Every structure is written in structure tokens, then in C-alpha cells.
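Asks: what follows is a predicted structure for the sequence shown.
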Amino acid sequence: MILDSDTPVLSIVGTTASGKSSIAMELARTIPNIEIVSIDSMQIYRGMDIGTAKPTRAEQIEVPHHLIDIVEPSTDFSLSQFQSEAQSAIAEIEGRGAIPLLVGGTGLHLRAVIDNFEIPQQYPSVAEELEEESDTTKLHKLLLKMDPIAAGRMEETNRRRILRALEVTLGSGRPFSSYGPGLQRYPNSRFQMVAPRWSRSEIDNRIDIRFAQQIQDGFVDEVRQLIDNRNQLSRTARQALGYRQFLEHLEGSVSLSEAIKSTVQKTKKFARRQERWFRRDPRIQWFDIDENPLELIPSLVKEWRQCI
């Protein structure tokens, strides 16, 4: 789906723990008729609430949210499915005369939605055969031979992305990097993106505080309930930070302290990768935050009024 409207849409992006959701809620309280569209690849899963920092039920009642709790965690949910659901939600919101507000930090999913990427189809038999190779480094070397552009855009340890690139390249006969306008192009867009910017040390501190609260709120029990009450978690759901580590703990391969330490470390590394990703996009307007993400609200209200 290509969104036909030229009306600007405000989008709050940025790293994990930067306060995007709290900013969005306060903005929705300030500007009437806003509905939030979550651009988070893991908040789509039912039952994955604490670890994904999903908006509370009270918040979802106060302000309509979209692309939250739409599938079971046993279901693989592709980028193309996400793109279709998000674009449909935006069109439906605008069709009712309401205001969509995009919020999230999943960079690739955001680009797929706002830049209408051409997303290649899936090739299950090819993917299944590739999964048999356990050596991710070897897979990356294969991708380097077949599609050096795609290989150069991903880390050698990012198994999920490497497998997907190889699946498409082998299945379609086209290099994975040939699809869509390319991640290195940033065309004009009606989506006006803004991002809160903290120092790295402060983001690390916010990650520590948030994760400690998630543990206190029952994160480990949430993961336990997922595997007790539902079918096996899908390949995509298992990749969620914290869930993967706590699954390993519950399956007996690591201690709880090791799972916690690993999750915090990986979350901080993930925040660095998010920052680098968003930094490359010249369309994003950054706002420095001193102490409270809600400092951004007056600037965003002004930004929104300029948009319309």
C-alpha cells in the first residue's frame, strides 16, 4: 500500500529507553485526536508486555494504540506484514479524520513504512536449508561472495539478517541489496521525524533503571508463562532482548545472573546500533534532553503545528 495523503505525519524515533513512549503519551494529551501507531517489531506480540516496555492497558484506553497485541508470539511476523499493517492503520486513522503519531525504535520497520520499501518475498525451503549451517561467520562469508553490498551493511554476528539476505539472494536470483530504494537513500517524506537525544552515559543509566524495574515487575515470570501457556515462541519473537536470554536461563543453559548481565550488556549495545542507524538519516531532527524527556513537548507541539 502507498499512502496517498500529503498531510505531514509526526514520528517520534530514537534509541531504546530514550522516553519515546512517555513523550508520545504527553503529546497525545496535549493535542486532541491523536492515535499512536507503534513501530516496534516486538510489541506486536500478545503476552510480551514487560520486556517490550509495552504501553499499559490504562494508557491504551486513554489513547488509541495500533500494532500492539496483534499476533501470538508463536507466529513469525515478517517485515512485509508489518509494513502492510502499519500503512493500513495510518490510512484508517486519517480516513476517520484522526491524527496518526508514529512512535518506535525499530529502524528497518520504520523505513519500510515511511519509504514504502519493496520487500522481497519469503523462500521457506531455502531458509530451512540455510538454517542447517550453524556457523554464522561462514554464512556471512557466503553472503560476501554473493552480495558484498548487503554483507557490508550487517555485522558478521547478526545471524537473522544474514540468513534473510541469503534466503532472498538464493531464492529470487537477485541480490538482496537490489530491493527497494536502498537503505542509503533518504527520499523526501511526509513523515516528520524527531528524536530525543541523551548522552550515552545517561542512556546506559536509563537502561539500568528500566531493566531493574522490569525484573521487579516480573519479567522472568512473564517469559516462563509464555513457554508454559503457549506454543513454542516463533523465530522472530525469540530474538527479543531479554526474552532470548531468559529462555536460555529457563532451559537451563545459563544462570539467572548471567541472563540478566547479558541482557543489560546487549541492550546497551543495541542502543548504540540504534543511534548509529538513526544518525545516518538526515531527515531526523534531534532534540537534546537534559533531565526529563517531557522537556521536548513544547518543541513538538510547535513542530506539529508547523506540519499542519
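Replies: All right, it came through fine.
Asks: ok, and what's touching stretch 139-154?
Replies: Applying CB atoms under 8 Å, 6 or more residues apart in numbering, the contact partners of stretch 139-154 are 130, 133, 156, 159, 161-163, 165-166, 169-170, 175-177, 183. The C-beta positions use only the backbone N, C-alpha and C, and glycine is treated the same way.
Asks: any of the residues you listed buried? List them.
Replies: 130, 159, 161-163, 165-166, 169-170, 175-177, 183 (16 or more other CB atoms under 10 Å).
Asks: poorly predicted segments of this structure, please.
Replies: 1-5, 180-182, 230-231, 306-308 (pLDDT under 70).
Asks: still on that earlier bit, narrow the contacts of stretch 139-154 to those in helices?
Replies: L130, R159, R161, I162, L163, A165, L166, T169, L170 (DSSP state H).
Asks: ok, of the buried ones among the contacts of stretch 139-154, which one's closest to I23?
Replies: L183 (25.7 Å; CB to CB).
Asks: for G218, see how far away the closest one is.
Replies: 37 Å (CB to CB, to the nearest Å).
Asks: how about E128?
Replies: E128 is 36 Å from G218, by CB to CB.
Asks: of these two, which one has the most company?
Replies: G218 (13 against 10; other CB atoms under 10 Å).
Asks: thinking again about what came up before, can you list the ones in helices among the contacts of stretch 139-154 in JSON lines and add distance to A17?
Replies: Listed next are these as JSON lines, based on distance: CB to CB, whole Å:
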{"residue": "L130", "distance to A17": "33"}
{"residue": "R159", "distance to A17": "25"}
{"residue": "R161", "distance to A17": "23"}
{"residue": "I162", "distance to A17": "27"}
{"residue": "L163", "distance to A17": "28"}
{"residue": "A165", "distance to A17": "29"}
{"residue": "L166", "distance to A17": "32"}
{"residue": "T169", "distance to A17": "35"}
{"residue": "L170", "distance to A17": "37"}
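Asks: which one of these sits closest to T56?
Replies: Within these, proximity to T56 (CB to CB) peaks at R161, which comes in at 31.6 Å.
Asks: tell me the contacts of the closest one?
Replies: With CB under 8 Å, 6+ apart, R161 has these contacts: M154.
Asks: per-domain residue ranges of this structure.
Replies: What the record gives for the chain is the domain set 9-118+183-307, 124-178, from automatic domain parsing.
Asks: about what we covered before: max pairwise distance over the contacts of stretch 139-154: which two?
Replies: E133 and L183 (25.3 Å).
Asks: helix/strand/coil for P196?
Replies: Under DSSP: H, G, I helix; E, B strand; the rest coil, the three-state class of P196 is strand.
Asks: and for P100?
Replies: Per three-state DSSP, P100 ends up strand.
Asks: would you check that it makes contact with E35?
Replies: Yes: look at P100 against E35 with CB atoms under 8 Å: they come within range, at 6.0 Å.
Asks: looking at these two, which one has more neighbours?
Replies: Per other CB under 10 Å, whichever of P100 and E35 has more neighbours is P100, with 23 against 19.
Asks: would you mind measuring from that one to S11?
Replies: P100 is 9 Å from S11, where distance means CB to CB.
Asks: how many neighbouring residues does R29 have?
Replies: 12.
Asks: so where does it fall, helix or strand?
Replies: helix 20-30 (DSSP states H and E).
Asks: what strands line up against the helix or strand just after that helix, and which way round?
Replies: Toward the C-terminus, helix 20-30 is succeeded by strand 34-38 as the next helix or strand (DSSP H and E). Partners of strand 34-38 in the sheet, by DSSP bridges, are strand 65-66 (parallel), strand 99-103 (parallel).
Asks: helix 20-30 and the last one, what's the angle between them?
Replies: By that I understand strand 99-103. Strand 99-103 runs at 160 degrees relative to helix 20-30, counting by axes from the mean of the first three to the mean of the last three CA atoms, to 10 degrees.
Asks: any buried residues in the helix or strand just after strand 99-103, and which?
Replies: Following strand 99-103 in sequence order, the next helix or strand is helix 107-114 (DSSP H and E). Residues of helix 107-114 classed as buried by neighbour count (16+ other CB under 10 Å): G107, H109, L110, R111, A112, V113, I114.
Asks: can you check stretch 294-308 too?
Replies: Buried-residue list, stretch 294-308, by 16+ other CB under 10 Å: L294, L296, I297, L300, E303, W304.
Asks: report the central residue of this protein.
Replies: T106 (2.3 Å; CA atoms, centre = their mean).
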